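Trainee: coordinates for the following, if possible.
(one chain, ligands or ions: 1)
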Amino acid sequence: MKSIVIYDSYTGNTKRIAYAIHKGMSRLREQCDIVRLRDVNLRDLANYDLIGLGSPVFHFRELANVTHFIEHNMESLDGKHAFVFCTYAGMIGHYLSRVVSALTQRGLIVIGWNSWYGSQYYPFLPKPYITDGHPDEIDIKEAEDFGTEMVIRSRRISLGEKSLVPTFPRGKDYDEIYGPTVGPILESATNRQLYKSQSFGFKVNMEKCNYPKCSHCIDICPMGAIDFSVSPPLFMINCDWCWHCEQTCPRGAIEVDWEPYDKLVEPQKTPMANEMMVFFDTAEAKGRFRRLVPLETINWDIPFFKVKKPPRIKLDR
Ligand SMILES: Cc1cc2nc3c(=O)[nH]c(=O)nc-3n(C[C@H](O)[C@H](O)[C@H](O)COP(=O)(O)O)c2cc1C
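Mentor: Residues are numbered from 1 along each chain as shown. You can find the predicted model right below:
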């Protein structure tokens, strides 16, 4: 039997978890491969009996490249086993329910799912942040054990123990475990405006840009949304707002007018901080969160977009 772990990752959290899962699976499997989502050889996929798929949570769901991969690239996988994993910074939203449903609709039998906290680099959130330090060694060990468990479960199901296929929690049951799935913060006026706004207005400052010597933003864009064949370069509609081009351009050549966002975020900072504290306190009380960063070190004044020197963050894919 063959298995594969497919992962997408930008700042390295999901990559670390994916490699730990792979290590746990390799304890038992004759062959277990691991590959980044964009490097998957689609023709080979049908050769695997067990497929693990994981990525970060972005905007309370999976990035559109994950959806696209499942809906358009996965073929003839009826009856194969799959599991889902992700890393996130506290608000998992509908990630698990969406990805599990999408895989099920492609004919895969989803035999497990899991999630881990990860440090975050979202432009509007503070640094240090509440989930920083994750995944730590405990998370990594858990991920290894999860990998081993998935292989054992897959084998037993293949041998006829169909009752081992777990029932995915839906509706209130899902919210009870993972909720609030969207949360009071997204419901707030600030975020409704932020998320609905179509005017992010990414622009390339050609005086700073080093294209074609540098094609960093094109290479890292998960959506292939940046088009340098026209002048000025175009940010296309399929941009999924990961912000990584703007955050990691070595010359700070991708520019956004932050002023409207700053104005929106500023008055919301204290209520948002309070809501998030309650959210994480509740998760901690339920045993769903291990705090690694002392509360007093969280600095609500430093969202990433205020860090002037480029690049603001380092990617590890
Ligand atoms: C653009 C963006 C959106 C994000 N949205 C969410 C979110 O909705 N919920 C959440 O819990 N974490 C969110 N995060 C945090 C990431 O899910 C978290 O940092 C993840 O571990 C990153 O994985 P990676 O290091 O593999 O890229 C977001 C991060 C970015 C950059």
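
Trainee: when you work out contacts or count neighbours from here on, use the C-alpha atoms and nothing else.
Mentor: Will do.

Trainee: can you pull the contacts of whatever residue of the stretch 151-300 of the chain ends up closest to the ligand?
Mentor: Among all residues of the stretch 151-300 of the chain, C242 sits closest to the ligand, at 3.7 Å; criterion: CA to the nearest ligand atom. Counting by CA atoms under 8 Å, 6 or more residues apart in numbering, C242 makes contact with F58.

Trainee: show me what the most centrally placed residue in the chain bridges to in the sheet.
Mentor: For the chain, the residue lying nearest the average C-alpha position, counting by CA atoms, centre = their mean, turns out to be P56 (1.1 Å). Partner residues in beta bridges with P56, using DSSP bridges, are T87.

Trainee: what sits against it?
Mentor: D8, S9, N13, T14, E62, L63, C86, T87, Y88.

Trainee: which residue packs closest to the first one, ignoring adjacent ones?
Mentor: The shortest distance from D8 to any residue that is not its chain neighbour, by CA to CA, 6 or more residues apart in numbering, is 4.7 Å, and that residue is S55.

Trainee: next, count neighbours for the one you found.
Mentor: The burial count assigned to S55 is 28, neighbours taken as other CA atoms under 10 Å.

Trainee: repeat that for A46.
Mentor: Residues within reach of A46, counting by other CA under 10 Å, total 15.

Trainee: F124 too?
Mentor: Residue neighbour count, defined by other CA under 10 Å, stands at 17 for F124.

Trainee: which ones are touching it?
Mentor: With contacts taken as CA under 8 Å, 6+ apart, F124 has the following neighbours: V265, P303, F304, F305.

Trainee: what's the answer for I51, then?
Mentor: With CA under 8 Å, 6+ apart, I51 has these contacts: S3, I4, V5, I6, K80, H81, A82, F83.

Trainee: secondary structure class for it?
Mentor: Here I51 is strand, with the state taken from DSSP: H, G, I helix; E, B strand; the rest coil.

Trainee: find the nearest non-adjacent residue to it, please.
Mentor: Take I51 and drop its neighbours on the chain: the residue closest to it by CA to CA, 6+ apart is A82, 4.6 Å away.

Trainee: can you classify the one you found by secondary structure?
Mentor: In three-state terms, and counting by three-state DSSP, A82 is strand.

Trainee: how much space separates it from the ligand?
Mentor: As judged by CA to the nearest ligand atom, to the nearest Å, A82 and the ligand stand 20 Å apart.

Trainee: I'd like to know the phi and psi angles of the residue lying closest to L295 once chain neighbours are set aside, please.
Mentor: Here the nearest residue to L295 in space, its sequence neighbours aside, is I130; by CA to CA, 6+ apart that works out to 7.4 Å. When quoted as degrees, to the nearest 10, the phi and psi of I130 stand at phi -60, psi -30.

Trainee: okay, I130: pLDDT?
Mentor: At I130 the predicted local distance difference test score is 92.

Trainee: what residues does the stretch 1-150 of the chain put near the ligand?
Mentor: The stretch 1-150 of the chain has residues 9-15, 56-60, 87-92, 118-122 near the ligand, with proximity defined as CA under 6 Å from any ligand atom.

Trainee: same thing but at 5 Å, please
Mentor: By the criterion of CA under 5 Å from any ligand atom, the positions of the stretch 1-150 of the chain lying close to the ligand are 9-14, 56-60, 87-92, 118-120, 122.

Trainee: circling back: quick one, what contacts the residue nearest to L295?
Mentor: When contacts are counted by CA under 8 Å, 6+ apart, I130 is found next to S119, R291, L292, V293, L295, I298.

Trainee: same question, I157
Mentor: Contact analysis of I157 by CA under 8 Å, 6+ apart lists S163, L164, V165.

Trainee: same deal with T148?
Mentor: T148 makes contact with I21, G24, M25, S26, R27, L28, according to CA under 8 Å, 6+ apart.

Trainee: for L50, same thing?
Mentor: By CA under 8 Å, 6+ apart, the contact set of L50 is K2, S3, I4, K80, H81, A82, F83, V151, S154.

Trainee: again with R153
Mentor: Contacts here follow CA under 8 Å, 6+ apart; on that basis R153 touches I111, L164.

Trainee: shouldn't it be within a strand?
Mentor: No. When the secondary structure is assigned by three-state DSSP, R153 falls in helix instead of a strand.

Trainee: give me the distance between it and F146.
Mentor: If you measure R153 against F146 using CA to CA, to the nearest Å, the figure is 10 Å.

Trainee: repeat for S119
Mentor: Distance, S119 to F146, using CA to CA: 20 Å.

Trainee: ok, L125 next?
Mentor: When L125 is compared with F146 (using CA to CA), they lie 30 Å apart.
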